[in-house]
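Colleague: Kindly generate the corresponding structure for this input.
(chains A and B)
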Amino acid sequence: MASCHEIYEDSAVYSKKNKILLMGNPNVGKSVFFSQLTGLHVMSSNYAGTTVTYTEGAMQLGGRQYTLIDVPGTYSLNAVSEAEAVAVKFIESNPLAVICVLDSTNLERNIKLGLELQRFNVPIVYALNLVDVAQRHGFEIDVERLAQELGAPVVRTVAVKGEGFDQLRRELEKIVSAPGCKPAFRPFPGDPWQRAKQIAAVVRKRVSVKPSLLDRLGEAMLRPWPGVPIALVVILASLAVIVSGGKALESLLLIVVENIIVPFFQSLFSAFIPEGTLLNILVGEYGIFVISFEWIVALVFPYVFLFYIVFSFLEDSGFLPRLSVLFDGVMRRLGVQGGSIIPIMMGYGCAVPAIIGSRTATTRKERLIIAAAVCFGIPCISQTGALISLFASFSPVLLVLMFLLSLCVVAAVALVTSRLLKGDVDPMVIEIPNLLMPNGKAYLKKLMLRLRAFVFDAEGPMLIAVCIAAVLKETGLLNFIAGYLEPIVSGWLGLPRDAVMALILGIVRREMAVAPLLAIEGLTPLQAFVGGTVAFLYLPCLSVFGILAKEFGARVAVAIGASTAVTAFLVAGLINQIAHLVI
Amino acid sequence: MWGRRRQKSKHRHGVVNRKHQSNSRICCLYSAQDGRQYVVTRAPEVGLLRSLGIVENAVIKKEKTYRLGGPVLLRIDSSEIAIGKDFAEQIMVRG
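Modeller: Residues are numbered from 1 along each chain as shown, chains lettered A, B, ... in the order given. Predicted structure coming up:
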């Protein structure tokens, strides 16, 4: 699955006319504004740094079309990070206007950036977002006074609920329809920090309210007690929902596939294709129209679906940064920092967004450690789904063992790479977002976006793998190759000959390194575990290989690919040999 | 690079220490007592920290120190920030 934030960096965008920029601190809801104003859906989450590069989209305003650009969130315009450099480049590229989104719950810092933006002499409309959350915290903000102090229009918004956008559009229209009109910002003495604090002090009024249940829970989750037990319960509950929900959906879909879809294609094709290799390739035991439905629709999709239901909820709630804080001490010992937990957790969905998400890391070394840990030790959700199906016929103990093995591998990879690689990993600096109940509409949009990305990006390579499988099996080529690989597959790993299929297909996609094992009858629990271990440690899939090469260069991609493959055969073989010695 | 930066800032802290010795106690944020307000006297030149408002003379409230090499949790204005131990040891505060 590719990320939903396209990674295209086209320099032509800077020279585009009719640009309106969407700017502000990280995690103030810019991406939600972008979705609301353009109708395009981009990913948003409740932690800093969801947008690591810009996104552009068309926006209609008073019958004319403008280009709206979602600029990565920045705390200042000093170009100290990649994101800030991009932001500065945009504001210097002669935009028509800027929508500066302010977070009402962090006025000082947000106003400071708002003031820094004024130095570039571009008309600005300020959107005071998250006013509902500020109210919950007991703050009232005087919008008219704020507009006076800033010398520019200010609009109150609650972006996730779509409130305030009509007024925002009206204000924008006024600005862009009066070209050449220079903004009337008043210069202020002293530095922006002091001025921001002054403004915040006059516009904000504290009305006392009792902290809400969510706020108290948010605080409790930051303390080791009861934070760590709560975190463990949340993770275990998430796993339980994914596994049990996925299983239920899987058995439902399997009934549909086996009784309706497959028989339909079998009768359709056998009506006008004579019996033989071609018919077998299409609808035989390993036929394209049989396994593509059995494997992709019934075995993989349910888990992908449930994973994103759970993960998107965790992302939007503000749970992940709290997890980073609680486990920073442990992560630090492994040579990384707590903030890396977020991209690593994303890896349980798919390694591609995890590797792109690691761009928020401040050093290349940290990025490489995250990428290596994800490629080696984290099975993606498609593969996890296939592993769950594989182990289901034996014992849930195997699944728990595999999960523990995954944690050990991640820890070992982080320990080794952090010592081998040159350079530094900066200590954690993380802002804790408010704990929020995910908003229904925004949450559903994000879920749809992810499922669509799965269907479009993953389905292609999966179908290719299925076609290769069908041709190899039905033409007898598989037996031929298996003969050569017999010493490794049967001797060292102790797997049946047919498991060769898994090794061949695993090059294309990770779950395809597991799926063929499901079709082998008479597998012992040890063989299932060894086969699962090879699959889980085996090569990163083709898309991951591509993103590694793109982000770190071909050398790194080849190094990671080669070492995961070697580790897979080594570890799985050792498990097999040791188990045989013991038993 | 990292080691060098740390050494340099330690040297600077020494200077600050002597200058402010008379009016109040200066210590690093990591070892400062929890639940109290402090004024930052020296912060490392790290972009992200400065952007979040951890600059000289900023008023912060230290909320919590996590044990076993964990971070420091602090409140600045209305935001809550966690800072890893190695940075927290370089931030000097006056109580």
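Colleague: Chain A contacts on chain B?
Modeller: Within reach of chain A by CB under 8 Å from any CB of the partner chain, chain B has these residues: B:1-2, B:46-53, B:55, B:64, B:66-71, B:73, B:77-88. In short, each C-beta sits where N, CA and C put it, glycine included.
Colleague: Can you say which of the residues you listed are buried?
Modeller: The neighbour count (16 or more other CB atoms under 10 Å in any protein chain shown) marks B:46-53, B:64, B:66, B:70-71, B:73, B:77-88 as buried among these.
Colleague: where exactly do the strands run in chain A?
Modeller: Taking DSSP state E as the criterion, chain A carries its strands at A:19-24, A:55-61, A:64-70, A:97-103, A:124-129, A:139-141, A:154-156, A:204-206, A:429-432.
Colleague: chain center to the first one, what's the gap?
Modeller: Strand A:19-24 has its C-alpha centroid displaced from the chain centroid by 24 Å (CA atoms, centre = their mean, to the nearest Å).
Colleague: Give me the sheet partners of that strand and which way each runs.
Modeller: Here strand A:19-24 is paired, per DSSP bridges, with strand A:64-70 (parallel), strand A:97-103 (parallel).
Colleague: So which of those is nearest A:Leu320?
Modeller: Nearest to A:Leu320 among the strands paired with strand A:19-24 is strand A:97-103 (18.3 Å), distances taken as CB to CB.
Colleague: give the contact list for A:Ser208.
Modeller: A:Gly138 (CB atoms under 8 Å, 6 or more residues apart in numbering or on different chains).
Colleague: what pLDDT does it get?
Modeller: Per-residue confidence (pLDDT) for A:Ser208: 74.
Colleague: Next: A:Pro274.
Modeller: 87.
Colleague: So it versus chain B, what's the distance?
Modeller: A:Pro274 sits 68 Å away from chain B, going by CB to the nearest CB, to the nearest Å.
Colleague: With A:Val154 instead?
Modeller: The value you get for A:Val154 to chain B, if CB to the nearest CB is used, is 18 Å.
Colleague: With A:Val325 instead?
Modeller: Distance from A:Val325 to chain B, by CB to the nearest CB: 4 Å.
Colleague: As a check, name the ranges of all helices in chain B.
Modeller: B:2-20, B:47-51, B:85-88 (DSSP state H).
Colleague: now the last one: how far from the chain's centre is it?
Modeller: Looking back up the chat, that one is helix B:85-88. 8 Å.
Colleague: so where's chain B shaky on pLDDT?
Modeller: B:1-23 (pLDDT under 70).
Colleague: need the contact list for residue 66.
Modeller: Picked chain A for this. When contacts are counted by CB under 8 Å, 6+ apart, A:Tyr66 touches A:18-20, A:58-60, A:96, A:176.
Colleague: that's the wrong chain, I meant chain B
Modeller: Per CB under 8 Å, 6+ apart, neighbours of B:Tyr66: A:224, A:325-326, A:328-329, B:72-73.
Colleague: ok, 6 Å please
Modeller: A:Gly329 (CB atoms under 6 Å, 6 or more residues apart in numbering or on different chains).
Colleague: Kindly report the same for A:Leu117.
Modeller: Contact partners of A:Leu117, counting by CB under 6 Å, 6+ apart, are A:100, A:124.
Colleague: May I have the predicted confidence score for it?
Modeller: 93.
Colleague: One more: the one 5 residues further on?
Modeller: With respect to pLDDT, A:Val122 scores 91.
Colleague: so what's the nearest residue to it once chain neighbours are set aside bridging to?
Modeller: The shortest distance from A:Val122 to any non-neighbouring residue, by CB to CB, 6 or more residues apart in numbering or on different chains, is to A:Val98 (5.3 Å). Beta-bridge pairing for A:Val98 (DSSP bridges): A:Leu21, A:Ile124.
Colleague: Alright, that wraps it up for me.
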